[in-house]
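J.: Dropping the sequence and predicted coords here.
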There are 2 protein chains.
Amino acid sequence: MAQLDWSDLDNKAVDTARVLAADAVEKVGNGHPGTAMSLAPAAYLLWNKVMRRDPLDDQWIGRDRFILSVGHSSLTQYVQLYLNGYGLELDDLKALRTWGSLTPGHPEYGHTKGVEITTGPLGQGLASAVGFAYASRFERGLFDPNAAPGTSPFDHFVYVIAGDGDLQEGVTAEASSLAGHQQLGNLIAIYDSNQISIEDDTTIAFTEDVAKRYESYDWHVQTVDWKKTGVYVEDVAALNDAIQAAKAVTDKPSLIILKTIIGWPSPKKQNTGKIHGSALGADELKGLKEVLGFDPEKSFQVADEVIEHTRKAVAKGAAERAEWQKSFDEWAAANPENKKLLDRLEAGQLPDGVEAALPVFEGGTEVSTRAASGKVLNALGPVIPELWGGSADLAESNNTTLEGAKSFVPAQWSTHEWTGDNYGRVLHFGIREHAMGAILNGIALHGKTRAYGGTFLIFSDYMRPAVRLAALMKVPSIFVWTHDSVALGEDGPTHQPIEQLATLRAIPELDVVRPADANEVAYAWKTILERRNGPAGIALTRQNIPVFTRGEGVASGDTFAHARETAKGAYILVDAANGKPDVIFIATGSEVQLAVAAREQLASEGIHARVVSVPCLEWFYEQTAAYQESVLPSVVKARVSIEAGLSLTWDKIVGSTGRSVSIEHFGASADYKTLFTKFGITTEAAVQAAKETLAAQK
Amino acid sequence: MAQLDWSDLDNKAVDTARVLAADAVEKVGNGHPGTAMSLAPAAYLLWNKVMRRDPLDDQWIGRDRFILSVGHSSLTQYVQLYLNGYGLELDDLKALRTWGSLTPGHPEYGHTKGVEITTGPLGQGLASAVGFAYASRFERGLFDPNAAPGTSPFDHFVYVIAGDGDLQEGVTAEASSLAGHQQLGNLIAIYDSNQISIEDDTTIAFTEDVAKRYESYDWHVQTVDWKKTGVYVEDVAALNDAIQAAKAVTDKPSLIILKTIIGWPSPKKQNTGKIHGSALGADELKGLKEVLGFDPEKSFQVADEVIEHTRKAVAKGAAERAEWQKSFDEWAAANPENKKLLDRLEAGQLPDGVEAALPVFEGGTEVSTRAASGKVLNALGPVIPELWGGSADLAESNNTTLEGAKSFVPAQWSTHEWTGDNYGRVLHFGIREHAMGAILNGIALHGKTRAYGGTFLIFSDYMRPAVRLAALMKVPSIFVWTHDSVALGEDGPTHQPIEQLATLRAIPELDVVRPADANEVAYAWKTILERRNGPAGIALTRQNIPVFTRGEGVASGDTFAHARETAKGAYILVDAANGKPDVIFIATGSEVQLAVAAREQLASEGIHARVVSVPCLEWFYEQTAAYQESVLPSVVKARVSIEAGLSLTWDKIVGSTGRSVSIEHFGASADYKTLFTKFGITTEAAVQAAKETLAAQK
């Protein structure tokens, strides 16, 4: 076991971290000082002693990853980023939780260097950490599959600091069960068991045996109790020993239950709910400084010898990196093809040949878009090795399986249907949609592979906090949501999405993609994979729908546009035959066919209708104003939206004199044709709505 | 231990249940036969032998409750409702999963007699069952607190059948931890461990030690393994013994892990993923019937002797009920006050004096609506004994605590902040929003008490599946969502709702209530408590906002309307001074003050503005068309909505020439005044928008 090198200066650095945390919260007047104070020894141990990181390059792929699942304790991380030379300075700490600062209330990915993930909504950090560990194994399989354990430049650890809230949230229960199942030996979570949350002593709501629970998930569980002697002793060496032991267990994730006193050594407020989420107040802050031998009259004190000492982390990181670079260069020399793959991924590029690989679906046939999606994924699988994914126990329904690929589970969990392999490409989340979302985020954050996960559209509700966090972080997680309307039929209202498309589109920065036919599915996937600036969800039908017969270019006369127009988000699928629409149908997915049929019927009555397919409104709004105007000319106010769900998304687009063919109530259990008839999702309704909006123009 | 009375006819009834399930799925062509077949013995045991229920009255308050958490296996319940005389007949089973039938794909509360809860979204049933058990204890405390254990007419059991999916979902992890903590001795869950889900053998994704996990939650765990001998033996007596043992353990919830073979004894498809969710097919169905000694050429066969035998449940239920009635009458005679309370609750009425008890907040002061809510709750607490509630570890932030009341936890979990009592009124959910939602639903379903649960509005995302299910069931769960805009400030974008108000309003049948000042809060609570036809969520500010000085009636001149107008959902808070508005402001919550200020400023420029406060759009849409027109006259198309979140809700209401003062992007970490300025949520923006919409009318 590695001997811990720990001096008085390290103790002083830890105390400095505590005082800085308390000072920063005091200055802004609000925040969470308690955990940052009592976790300072653990955080400093990780950042200064344990982790292999390069303060000068937070993108170094060889780095150990750090996830602060207790995001409210952002100072735990900010102070270490300052002490260890990651770019934050004292002024940044002084600007805590103020407009434009590098130190917002919760750590924000892409905003502050050294922050690997945005945290704050409890449980998300620990759950996504499982995804980090998934990704590290999968990436090793892509780049360096044959290296002996621990010898690859792609081997590293994922460290998490989690708290009582993280352990209570269901998303971590789901993810932790998967982590044990997956035997993620490089995942090490320190659970700060301080027994205090906002309602004070957690005994009021949380008396389960956490150690036993994590053992039931097949984790390696250790307890480091700094209270065990009756006197509080921050036994850093014991914690370090536990971390080293955790590192040595390579076939299980590790939970280290660290029993601490929140806010220690604040004289009066330690071990209270108050210190969790409020400033100490002037008197208590002075008391703290006195206890720690700091000048009670000064703020943000950092002794020169302390910062000099802690910033040796920069040189240490450089040395570790140089060491790593040797093994990396050796690997690169020995594996030129894999190095090319890595370079391509790091550049965020797709391989050549993606468009050529796309299947072409014959016009005039019928296919569900989920089946088309399965075909597209299987066509792209051989071309795009970084593409992997699966489902939350709905593989066959979601059509998410890459046929012939092995499953990403230890071989011992192979079943008669699936063959497990640590480097497999098929993901099995079990019936755990929320963890799936968080794990996909972790995968997207860890590296540049592209992972997707499927469930029914209705169950996007179960994963919504993770979807929102992906959008907030702008990471390119991919969600596959099939059975995307009441047309899923007999399963009834509990399974039928009504408000889901509208409410998902309401999440800023999330691309909601709903292709109108199989060929739109192909280009939708291509576009999703080309983009890396945020998450996308693709909504797919259960039922068969027509494949449109299309031309080679844009729509013209009675000729339908080519499906590559999908990338523009909305496009004229088929125009008024004379190019001068009296009325515009705006439709998505399985309802586009109704618009097409209504257009024909109206044409027979001398009314000229345009059909606009809107596979992705967010992509459309990125187009030029001129393009948008060309698709939806502002002079044409006779507009009808058609979508088998709420009209909400379309209210603004169809405007006061427009109409919507929609469903504004819960569904019912019956076959889908009956439901569409009963709920008025029909060609007749579309024709009627068109006539109404035309009449409303007068 | 009660001796099990089990005859050959019982075996025949079980086999009949299997064949009916397979026939019903075969007829409609889709559904889930497998579990209904293999669980038939367990279901029959519960419905015919174990549970105390009256088939002729599914509202009998003394009944044992039954929750089919595996909602997809609805036939498990439908067939028992048929066999045991609850009102379903063979024709209902033949109409499975078709339009208008009493046998939809998943059991629907309020639709089919004997169904206690709508299930299907996995985990919700088991999680809400915990709420049923909470409610039974709380109600006992209200009505019959001093009865010895097991002797009260309010004592009964809550039985659950759960499956692999339920056990994997995080919501049940949260709720099960609480159930153990709460020592819910009357909760008995049978976990159908058949090791098969849609992706076939669950080993591919689910290898944790479930028994150990539930022991870690402090449940009483038993395993009944029908496969243990190597030959599959449906040892009903062993299961009955386990149930009796579970009933005898009164201080822990019980999990009975029942190891079954899904689809048994289907000759070729038993123990496969196929039989989980598809019809057997003609050949396999014949094979099943042959194995069970049924005529393979006939469908829906029920021997007269079988139905005669099973329907003895009606007489048995009547006898049990008569027995119970004695103890109930004794209780009623001895406890006339409590009986009056029960009668009032059963009638769905509030006590007298609610309006009189409402606090009146003085105009011209400032108070956050969350603080006002806390005051209202504490004013109502003494008047309304059936009111109870708490928070997901944010009690002080959500202002949800009934001061002086004890906490609803066993006394042994008292802390220095809270005093526990099995009959307490203050709920502590820990950091488990999703379980909170499901438990509140269970409480609302169980009886007529009114429970509420609080968290930040942003975390409504964590509980969304439970909120939606409440709406689908139309049960009056109450959700308290504070910190209802970016004005929560420094915690930043992870905690700041943007799309939440709009996306919650998008859930059909959910009342989203956002009061504009403290007095609206009072009437909002009154209205929520008066209504019992669906769930409500109340959105409340963190920050102080003005209390408007109001008149005694409707708005007139410069006089503001009385806050009792809140019950109408939207009302003229203050009209154009001349009663003829040029422009209408439509605002909610903390943004109404901006509309009021903008109205004044516009008045000084000769523009007449009306301010409409919209505490609840859903209530407004229930008003007469004439009232709605009086508030928002269709001729006034110059309209401005103001809400510190997406404009989405208001797009339709303000129309093509209206404007919205809104936030269409994620928030940021800073003090709220800075955020409102930076994001344009200001009086100036409201004035500007008013002028723009007025200009657009020309």
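T.: Good, I have the coordinates. Numbering: from 1, shown residues only, chains lettered A, B, ... in the order given.
J.: Of all the residues in the stretch 101-250 of chain A, which one is nearest chain B?
T.: Closest approach between the stretch 101-250 of chain A and chain B, counting by CB to the nearest CB: A:G170, at 2.3 Å. In short, each C-beta sits where N, CA and C put it, glycine included.
J.: How many neighbouring residues does that residue have?
T.: 29 (other CB atoms under 10 Å in any protein chain shown).
J.: Might one say that it is in contact with B:S176?
T.: No - the criterion here is CB atoms under 8 Å, and A:G170 misses it with B:S176 at 9.9 Å.
J.: Show me what from the stretch 201-350 of chain A comes close to chain B.
T.: By the rule CB under 8 Å from any CB of the partner chain, the part of the stretch 201-350 of chain A lying against chain B is A:201-210, A:212-213, A:215-218, A:273.
J.: Spell out which parts of the stretch 451-600 of chain A neighbour chain B.
T.: So far as CB under 8 Å from any CB goes, the stretch 451-600 of chain A lies against chain B at A:458-459, A:461-462, A:464-465, A:468-469, A:471-472, A:489-495, A:498-499, A:502-503, A:506-509.
J.: Inside helices: which ones of the residues of the stretch 201-350 of chain A next to chain B?
T.: A:210, A:212-213, A:215-216 (DSSP state H).
J.: which residues of the stretch 51-200 of chain A fall in strands?
T.: For the stretch 51-200 of chain A, the strands defined by DSSP state E, counting those that start in this stretch cover A:65-68, A:158-162, A:187-193, A:196-197, A:200-201.
J.: Now render those strands as JSON lines, adding mean pLDDT and mean neighbour count.
T.: JSON lines is the format used below for these (pLDDT from 0 to 100; neighbours: other CB atoms under 10 Å in any protein chain shown):
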{"stretch": "strand A:65-68", "mean pLDDT": "98", "mean neighbour count": "26"}
{"stretch": "strand A:158-162", "mean pLDDT": "98", "mean neighbour count": "27"}
{"stretch": "strand A:187-193", "mean pLDDT": "98", "mean neighbour count": "26"}
{"stretch": "strand A:196-197", "mean pLDDT": "88", "mean neighbour count": "24"}
{"stretch": "strand A:200-201", "mean pLDDT": "92", "mean neighbour count": "20"}
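J.: count of residues packed around A:I257?
T.: A:I257: 19 neighbours (other CB under 10 Å).
J.: looking at the sheet around it, what are its partners?
T.: A:Y191, A:T223 (DSSP bridges).
J.: Can you check what pLDDT the model gives it?
T.: Confidence at A:I257, expressed as pLDDT, is 98.
J.: got the contact list for it?
T.: A:191, A:193, A:210-211, A:221-224 (CB atoms under 8 Å, 6 or more residues apart in numbering or on different chains).
J.: List buried residues within the residues you listed.
T.: With neighbours counted by 16 or more other CB atoms under 10 Å in any protein chain shown, those contain buried members at A:191, A:193, A:210-211, A:221-222, A:224.
J.: Tell me how far the spatially most central residue of chain A lies from A:W619.
T.: The centre of chain A sits closest to A:N441, judged by CA atoms, centre = their mean, with a distance of 2.7 Å. Separation of A:N441 from A:W619 (CB to CB, to the nearest Å): 21 Å.
J.: domains of chain A?
T.: Chain A breaks down into these domains under automatic domain parsing: A:8-317, A:354-545, A:550-696.
J.: Now tabulate these in JSON lines and tack on distance to B:E305.
T.: Converted to JSON lines, the domains of chain A look like this (distance: least, CB to CB, whole Å):
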{"stretch": "domain A:8-317", "distance to B:E305": "47"}
{"stretch": "domain A:354-545", "distance to B:E305": "33"}
{"stretch": "domain A:550-696", "distance to B:E305": "33"}
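J.: among those, which is the most enclosed?
T.: Sort these by mean neighbour count, taking mean count of other CB atoms under 10 Å in any protein chain shown, and domain A:354-545 sits at the top with a mean of 24.
J.: That domain - what's its average pLDDT?
T.: If you average the pLDDT values across domain A:354-545, you get 98.
J.: can you check stretch A:575-594 too?
T.: Averaged across stretch A:575-594, pLDDT comes to 97.
J.: how long is that stretch from one end to the other?
T.: 15 Å (CA to CA, to the nearest Å).
J.: That one: how far from the chain's middle?
T.: 35 Å (CA atoms, centre = their mean, to the nearest Å).
J.: What of stretch A:455-463?
T.: Offset of stretch A:455-463 from its chain centre (CA atoms, centre = their mean): 15 Å.
J.: residues making contact with it?
T.: A:391-392, A:394, A:397-398, A:433-434, A:436-437, A:467, A:479-485, A:488, A:494-497, A:500-501, A:504, A:537, A:539, B:121, B:169, B:464-465, B:468.
J.: Beta-bridge partners for the residue nearest to A:E417 when sequence neighbours are not counted, please?
T.: Excluding its sequence neighbours, the residue lying closest to A:E417 (CB to CB, 6 or more residues apart in numbering or on different chains) is B:D200, at 4.3 Å. With DSSP bridges as the criterion, B:D200 is bridged to B:S197.
J.: residue contacts, B:D200?
T.: A:415-418, B:272-273.
J.: And A:A518, by the same measure?
T.: Listed by CB under 8 Å, 6+ apart, the contact set of A:A518 reads A:361, A:367, A:369, A:371-372, A:375, A:547.
J.: Please convert those residues to JSON lines, extending it with secondary structure.
T.: Shown next, in JSON lines, are the contacts of A:A518 (DSSP: H, G, I helix; E, B strand; the rest coil):
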{"residue": "A:F361", "secondary structure": "coil"}
{"residue": "A:V367", "secondary structure": "strand"}
{"residue": "A:T369", "secondary structure": "helix"}
{"residue": "A:A371", "secondary structure": "helix"}
{"residue": "A:A372", "secondary structure": "helix"}
{"residue": "A:K375", "secondary structure": "helix"}
{"residue": "A:V547", "secondary structure": "coil"}
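J.: from those residues, which single one is nearest chain B?
T.: Of those, the one sitting nearest to chain B (CB to the nearest CB) turns out to be A:A371, at 16.6 Å.
J.: Name the nearest residue to A:V596, sequence neighbours excluded.
T.: Nearest one to A:V596, counting by CB to CB, 6+ apart, is A:V611 at 5.6 Å.
J.: which stretches of the stretch 1-150 of chain A have low pLDDT?
T.: A:1-2 (pLDDT under 70).
J.: Okay, helices next: where are they in it?
T.: Remark: helices assigned in the stretch 1-150 of chain A by DSSP state H, counting those that start in this stretch are A:8-28, A:33-38, A:40-44, A:74-83, A:90-94, A:124-143.
J.: For the fourth one, which helices and strands make contact with it?
T.: Under the contact definition 3 or more CB pairs under 8 Å, 6 or more residues apart in numbering or on different chains; DSSP states H and E, helix A:74-83 sits against helix A:8-28, helix A:33-38, helix A:40-44, strand A:65-68, helix A:90-94, helix A:304-310.
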